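Enquirer: Have a look; sequence and predicted model below, questions after that.
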Amino acid sequence: MPAPQIVAHSPDGIKAFGHVDTLIANATIEDLRAITRNLLASGSPGLASAFTDAARIRLRQTKLDGIHAAPSSSLDNTLARIRSLYGAGMATIGLRWGRDGSMAAMLAVIDTDISQAIQSCKEELEGGRVNDLTAARDAVNKLWVSVQESLADVKSWGGEFPFERAASSIEFWKF
């Protein structure tokens, strides 16, 4: 039988939950990600919305408190190059990689990031926080074209398509 949880208030007014705080303090980032995803996926529809609201509040607070990262010029250059490739529909066009190599692993991470970004965009639309639906549709269409071009290129050399999740997320996105 688990020990009872004790609810207390921290100095900043946020409720602290005994064993939960201990778990958060000691779990790995991978464990926390998995726990959060499972909780949000299995919870009520309002839970994901409440989580997003709490995250926005927290991120605004930390930014106002001066806690933020500063990108290096190397990151700026890398992002500019990647955005150029994506913008030209060439994210993976012409590249070759093995099924189990480090490139395949990195592309799987990118696929997950794209899928998460698509989900976030869906939530922004549903929450009424998008002002220009035409621009949003254009962006989704450009992403779809890029993904399809990548798929065709990968098929041409017999590789494993790296953006299955992204393709599925876009394909079933109706707005």
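Expert: That came through fine. Numbers count the residues shown, from 1 in each chain.

Enquirer: Now do the helices in this structure.
Expert: Ranges of helices within the chain are 18-26, 29-42, 45-64, 73-87, 102-126, 133-157, 164-171, based on DSSP state H.

Enquirer: how deep is the closest residue in space to L107 that isn't next to it in sequence tucked in, by neighbour count?
Expert: Excluding its sequence neighbours, the residue lying closest to L107 (CB to CB, 6 or more residues apart in numbering) is P162, at 3.5 Å. The C-beta positions use only the backbone N, C-alpha and C, and glycine is treated the same way. By other CB atoms under 10 Å, 26 other residues sit near P162.

Enquirer: residue contacts, P162?
Expert: Contacts for P162 (CB atoms under 8 Å, 6 or more residues apart in numbering) come out as 92, 97, 104, 107-108, 110-111, 150, 154.

Enquirer: rewinding a little: which of the helices of the chain comes out lowest on mean pLDDT?
Expert: Note on the helices of the chain: lowest mean pLDDT is at helix 73-87, with a mean of 66.

Enquirer: tell me, what residue is most central in the protein?
Expert: In the chain, the residue lying closest to the centroid (CA atoms, centre = their mean) is Q116, at 3.3 Å.
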